[in-house]
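**Student:** sequence plus predicted model, see below.
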Amino acid sequence: MTKTVSILGSTGSIGRQTLDVVDQLGVRVAALTCGSDVERLTQQCQKYRPRLAVVGSEALAGRLRENLPGQDMEILWGREGLLKAAALEETDTVITAVVGMVGLEPTLAACRAGKRIGLANKETLVCAGELVMAEAAAHGAEIIPVDSEHSAIFQCLMGCRDRSQVRRLILTASGGAFYGKNRQQLQTAKKDEALRHPNWKMGPKITIDCATLLNKGLEFIEAMRLYHMPPEKIAVVIHRQSIVHSLVEYCDGAVLAQLGAPDMRIPIQLALTYPDRLPSPAPDLDLLTCGPLTFAQPDYDIFPCLGLAMEAARAGGTACSVLNGANEEAVAAYLRDEIGFYDISDSIRCALDSVEQVSKPGLEEILRADQQARQAARTYFSKLKGD
């Protein structure tokens with residue numbers, strides 16, 4: 001049971017829901033970090049009085065100090081601040097809820113400090129999963145997934161002593177805002193439509209990833225790393241209701257599923273309390289009113305990002321870092337209304353084809369591939385504009 005927590009990305013959706021759980025459990029907060037939402041971070045610091053607060057820039061750190069006069073709190077900024085927050089001696093558990101590659105080095109720092117890590121940062125395992133898992137094993141760190149799908153698999157594997165008994169991991173996908181649409185409809189689909197997720201309230205980046213199904217592709221790669229499974233033993237199915245959060249099929253034909261209301265506070269709390277279970281602030285699931293549960297095959301033609309992610313997963317090495325870097329650039333451009341829906345998948349395809357890949361990369365090669373992929377995507381966008 002966690003007694004003290006550091007929350008990296010405390011002002012985002014996962015970070016705020018983590019604080020809801022913290023209130024329920026009475027866990028002490030040692031560190032809070034954010035990129036730029038200084039006003040929300042100020043309110044959080046006033047309530048939780050952490051020992052350390054971290055923001056994205058020196059200027060923002062100055063603003064935070066002005067907002068918190070007289071408080072006995074260390075205020076840092078940037079990469080060094082995140083690394084310190086991830087490795088604070090008094091912290092039991094680090095919740096990594098930052099978005100993007102910025103979460104990689106703090107997660108490695110938490111691994112090297114032997115922390116429990118409630119991992120909500122997909123990019124960490126997508127881009128450097130083998131490196132992260134090796135560091136965790138070497139330093140006795142414990143990685144517990146916070147994603148609802150991976151938390152579900154984590155729970156369905158409890159008591160499984162021999163992973164060779166697992167036939168398949170089955171990831172469920174809601175299908176996002178555009179399930180049932182055709183390619184012609186999606187050619188002109190705008191961000192406002194893509195951000196209308198039917199079941200979950202999340203940040204804009206992950207919501208767009210859900211609309212393209214790239215989010216499920218990232219989870220496909222994560223599953224390989226977390227559970228040491230080859231890609232052929234991982235499947236994806238569309239489950240619109242987001243009640244079955246994922247399943248594990250065993251070699252004897254038994255299929256275990258984890259069900260629950262679509263509320264991220266359930267997997268967040270498990271990451272803090274495991275192996276114990278305690279009452280949660282999330283609503284209960286009522287099987288008599290939740291409606292029928294349905295499952296369907298993904299359409300890889302209408303949603304090509306999922307297939308691209310699976311291709312990168314099978315290639316391994318820096319292909320996954322290239323996939324992620326290009327996607328981050330593309331989603332940011334889409335959110336700025338600079339590119340179309342299918343330009344996201346087309347720019348990823350361009351990056352995978354143009355960036356030279358390394359089969360067994362170290363951290364420097366992973367970060368270099370990320371930067372090269374971003375540049376490849378930006379070059380693709382420039383050609384669209386005729387620059």
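**Tutor:** Looks like it came in fine.
**Student:** in the stretch 51-200 of the chain, which spans are helices?
**Tutor:** Taking DSSP state H, counting those that start in this stretch to define them, one finds helices in the stretch 51-200 of the chain at 58-67, 78-86, 104-112, 122-139, 148-156, 183-187, 191-194.
**Student:** what's the closest of those helices to Thr42?
**Tutor:** Ranking those by distance to Thr42, with CB to CB as the measure, places helix 58-67 first at 4.2 Å. Every C-beta, even on glycine, is put in place using the N, C-alpha and C of the backbone.
**Student:** tilt between that closest one and helix 78-86?
**Tutor:** 50 degrees (axes from the mean of the first three to the mean of the last three CA atoms, to 10 degrees).
**Student:** quick one: buried residues of helix 58-67?
**Tutor:** Within helix 58-67, the residues that qualify as buried by neighbour count (16 or more other CB atoms under 10 Å) are 60-61, 63-64, 67.
**Student:** now swap in stretch 337-356 and tell me
**Tutor:** Neighbour-count burial for stretch 337-356 flags 339-352, 354-355 (criterion: 16+ other CB under 10 Å).
**Student:** what mean pLDDT does it get?
**Tutor:** In this model, stretch 337-356 carries a mean pLDDT of 97.
**Student:** what's the spacing between the residue of the chain positioned farthest from its centre and His139?
**Tutor:** Going by CA atoms, centre = their mean, the residue of the chain most distant from its centre is Gly70, 35.6 Å out. In this structure, Gly70 and His139 are 38 Å apart, going by CB to CB, to the nearest Å.
**Student:** before we move on, what about Val102?
**Tutor:** 21 Å.
**Student:** more neighbours, the two?
**Tutor:** For Val102 against His139, the residue with the higher neighbour count under other CB atoms under 10 Å is Val102, and the figures read 19 against 14.
**Student:** quick one: buried residues of the longest helix out of those in the chain?
**Tutor:** With residue count as the measure and DSSP state H as the assignment, the chain has helix 363-385 as its longest helix. When neighbours are counted by 16+ other CB under 10 Å, the buried residues of helix 363-385 are found to be 365-370, 372-378, 380-381.
**Student:** tell me the one of the residues you listed nearest Lys122?
**Tutor:** Distance from Lys122 was checked for each of the buried residues of helix 363-385 by CB to CB. The minimum falls on Asp370, at 13.7 Å.
**Student:** so which residues of the stretch 251-387 of the chain form strands?
**Tutor:** Listed in chain order, the strands found in the stretch 251-387 of the chain under DSSP state E, counting those that start in this stretch are 255-259.
**Student:** that's a helix at His245, yeah?
**Tutor:** No. With DSSP: H, G, I helix; E, B strand; the rest coil as the criterion, His245 is assigned strand and is not in a helix.
**Student:** got the contact list for it?
**Tutor:** Each residue near His245 by CB atoms under 8 Å, 6 or more residues apart in numbering is listed here: 148-149, 151-152, 172, 257-260.
**Student:** make it 7 Å
**Tutor:** With contacts defined as CB atoms under 7 Å, 6 or more residues apart in numbering, the neighbours of His245 are 148-149, 152, 172, 258, 260.
**Student:** look up how far Pro106 lies from it.
**Tutor:** His245 sits 26 Å away from Pro106, going by CB to CB.
**Student:** Cys210 contacts Asn199, correct?
**Tutor:** No. With contact defined as CB atoms under 7 Å, Cys210 does not count as touching Asn199 (9.4 Å).
**Student:** and for those two, which residues touch both?
**Tutor:** Between them, Cys210 and Asn199 share the neighbouring residues Ser174, with contact defined by CB under 7 Å, 6+ apart.
**Student:** settle it for me: which of these two has more neighbours?
**Tutor:** Counted by other CB under 10 Å, Cys210 and Asn199 do not tie: Cys210 has more neighbours, with 25 against 16.
**Student:** so what does the more buried one look like in phi/psi?
**Tutor:** Geometry field for Cys210 lists phi and psi as phi -70, psi -40, criterion degrees, to the nearest 10.
**Student:** per-residue confidence for it?
**Tutor:** pLDDT recorded at Cys210 is 95.
**Student:** could you tell me the end-to-end distance of stretch 265-281?
**Tutor:** Start-to-end span of stretch 265-281 (CA to CA, to the nearest Å) is 7 Å.
**Student:** give me the residues contacting it.
**Tutor:** Residues outside stretch 265-281 that contact it (CB under 7 Å, 6+ apart) are 1-2, 5, 14, 17-18, 20-21, 24-25, 27, 93, 118, 144, 146-148, 151, 260, 282.
**Student:** what's around the spatially closest residue to Val146 that is not a sequence neighbour, how many residues?
**Tutor:** Counting by CB to CB, 6 or more residues apart in numbering, Ala120 is the residue found nearest to Val146 once chain neighbours are left out, at 3.9 Å. Taking other CB under 10 Å as the neighbour definition, Ala120 ends up with a count of 30.
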